[in-house]
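Engineer: Next come a sequence and a model predicted from it.
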Amino acid sequence: MDRYERINTLHRVLKSARYPVPLPSLMDELDCSRATLYRDIGFLRDALGAPIESAGGEHAAFRYEQGEAERFELPGLWLTSDELAALLALNELIGRSGPGVLAGALAPFKARIEHLLSDQGSGKVLPIERIRVIPWGERKLDQQVFRTVAGAVLERKQLRFRYRARTTNSDSRRTVSPQRLTHYRDNWYLDVWDHDREALRSFAVDRIVEPRAQDTAAIDVAEAQLDQTLASSYGIFAGTPKAWATIRFSEHASRWVADEHWHSQQKGTWLPDGRYELQLPYSNSRELLMDVLKYGPDAEIVAPVPLREEMKSLLHLSLSGYA
C-alpha cells in the first residue's frame with residue numbers, strides 16, 4: 001500500500017469511527033509500522049488540516065473530533081494505486097482513440113488527467129509507455145461527422161445524412177431519429193429509427209456523409225426494444241434472431257473459446273472428449289461465419305444445416321482460389 005492509499009484509508013477509518021481507534025488496529029488496517037503510521041497521522045493532521053484527536057499514553061488511539069468528522073474531507077482527488085492504474089490506462093486509451101475523433105474532443109480532459117497523474121505521482125515520471133493499446137480493424141472516421149452525429153444523439157434531434165453502404169456500394173439519403181452510439185471492434189455505429197424504412201437500423205458512422213442535425217425532436221425508442229432488435233443476435237447488424245448456431249471447437253482451441261464472450265445469450269458446454277460446444281443466436285450469418293473461419297480446422301459448425309452448408313460453400317470458394 002503506497003502513501004496516498006494509506007492516507008485515504010486512514011481518513012476513511014477515522015471518519016467512520018465512533019470511538020477512538022487503537023494504534024495496533026490502525027497499523028493492521030494500513031499494514032505499516034508504528035513509525036510510518038505516526039508520520040501519516042502527522043501529515044493528515046498538519047498538512048491537510050484533519051481534526052484528529054488522540055488519547056496518549058501506552059494505549060494510544062485516534063479519531064476525528066466530534067462534530068468535525070462530518071465536515072472534513074480530503075482536499076482534491078485521492079486515488080488508490082488500483083484507481084491510479086485505471087486512470088493511467090484511460091489516459092492512454094483517450095490518446096489512442098483514433099486520429100482526431102475522440103482525441104480532439106477530449107484533449108482538455110486528457111490534459112487534466114495528465115496533470116492529476118503528475119500530482120498524484122509526486123512529480124515522478126509515470127511509465128505511460130508500459131501501457132500499450134493496439135487498435136485492430138479501425139477504419140478512418142471523419143471528426144466533424146462524428147461530432148455532428150454524437151451531438152444529435154445527445155441533443156435528441158433528428159438527423160439527415162447520405163449513406164454509402166459498403167456491401168452494395170449504393171448511395172442513399174436517410175432521415176433518422178438517432179438512438180445511441182455503439183463502439184464495436186474499434187469502430188463506431190449509430191443505432192437509429194429510420195423514418196424512411198419505418199424500422200430500427202444500425203449504420204457505420206464512417207460511411208455517413210454530410211450529416212445535418214434537424215430542428216425536429218427525435219423519436220425515442222425504448223431500450224428494451226433496441227436491444228431486442230439490434231442486440232439479440234450475433235454481430236453488429238444483428239436483427240431479430242432467426243436461428244441458433246451450434247459450433248464445436250477442438251480441444252486445443254477450446255482453451256481460448258471457453259473464456260471468450262461472443263454474445264450475451266451464448267451457451268457453452270464442455271464435451272466428454274475435451275472439445276467445447278458453443279451455441280448462440282444469429283440473424284445475419286456473414287459476421288458469424290467470418291469469425292468461425294478464424295479458427296480454421298479447429299472449428300466446425302454443427303447446426304443448423306443451412307448455416308453449415310453456407311460454411312461449406314465459403315470453404316470451397318476459398319480453396320478454389322488456391323487451385
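Structural biologist: Here it is on my side, so go on. What you see is a predicted model; the values in this text were computed from it and never measured.
Engineer: Where do the strands of the stretch 101-250 of the chain begin and end?
Structural biologist: With DSSP state E, counting those that start in this stretch, the ranges of strands along the stretch 101-250 of the chain come out as 157-164, 171-184, 187-194, 199-204, 208-217, 243-249.
Engineer: packing partners for the first one?
Structural biologist: Using 3 or more C-beta pairs under 8 Å, 6 or more residues apart in numbering; DSSP states H and E as the contact definition, the elements that strand 157-164 packs against are helix 143-155, strand 171-184, strand 208-217. Backbone N, C-alpha and C define where each C-beta goes, glycine included.
Engineer: Other residues contacting the longest one?
Structural biologist: Among residues not part of strand 171-184, those counted as contacts by C-beta atoms under 8 Å, 6 or more residues apart in numbering are 149-150, 152-153, 157-165, 188-196, 200-203, 205, 214, 218-221, 226, 236.
Engineer: 7 Å - rerun?
Structural biologist: Residues from elsewhere that reach strand 171-184 (C-beta atoms under 7 Å, 6 or more residues apart in numbering): 149-150, 152-153, 158-164, 188-196, 218-219, 221, 226, 236.
Engineer: gap between it and the chain center?
Structural biologist: In terms of C-alpha atoms, centre = their mean, to the nearest Å, the centre of strand 171-184 is set 21 Å apart from its chain centre.
Engineer: Okay, now the unreliable bits of the stretch 201-323 of the chain?
Structural biologist: Residues of the stretch 201-323 of the chain that meet the criterion pLDDT under 70 lie in 237-238.
Engineer: so where do the helices sit in it?
Structural biologist: With DSSP state H, counting those that start in this stretch applied, the stretch 201-323 of the chain shows helices at 223-230, 251-257, 285-293, 305-320, listed in chain order.
Engineer: Make JSON lines from those helices and add distance to residue 269 and mean neighbour count to it.
Structural biologist: Conversion of these to JSON lines gives the following (distance: least, C-beta to C-beta, whole Å; neighbours: other C-beta atoms under 10 Å):
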{"stretch": "helix 223-230", "distance to residue 269": "25", "mean neighbour count": "15"}
{"stretch": "helix 251-257", "distance to residue 269": "11", "mean neighbour count": "15"}
{"stretch": "helix 285-293", "distance to residue 269": "17", "mean neighbour count": "17"}
{"stretch": "helix 305-320", "distance to residue 269": "18", "mean neighbour count": "12"}
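Engineer: Which of the ones you listed sits closest to residue 4?
Structural biologist: When the helices of the stretch 201-323 of the chain are compared by C-beta to C-beta, helix 251-257 sits nearest residue 4, at 37.7 Å.
Engineer: Provide the contact partners of the closest one at residue level.
Structural biologist: 249, 274-276, 278, 295, 298-299.
Engineer: Export that helix to PDB, keeping only CA atoms.
Structural biologist: Only the C-alpha atoms of helix 251-257 are listed here, as PDB (Å, rounded to 0.1, in the frame of the first residue of the first chain):
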ATOM      1  CA  GLU A 251      -9.600 -29.400 -27.600                       C
ATOM      2  CA  HIS A 252      -6.800 -27.100 -28.500                       C
ATOM      3  CA  ALA A 253      -9.000 -24.100 -29.400                       C
ATOM      4  CA  SER A 254     -11.400 -24.700 -26.500                       C
ATOM      5  CA  ARG A 255      -8.900 -23.400 -24.000                       C
ATOM      6  CA  TRP A 256      -9.400 -19.900 -25.500                       C
ATOM      7  CA  VAL A 257     -13.100 -20.100 -26.700                       C
END
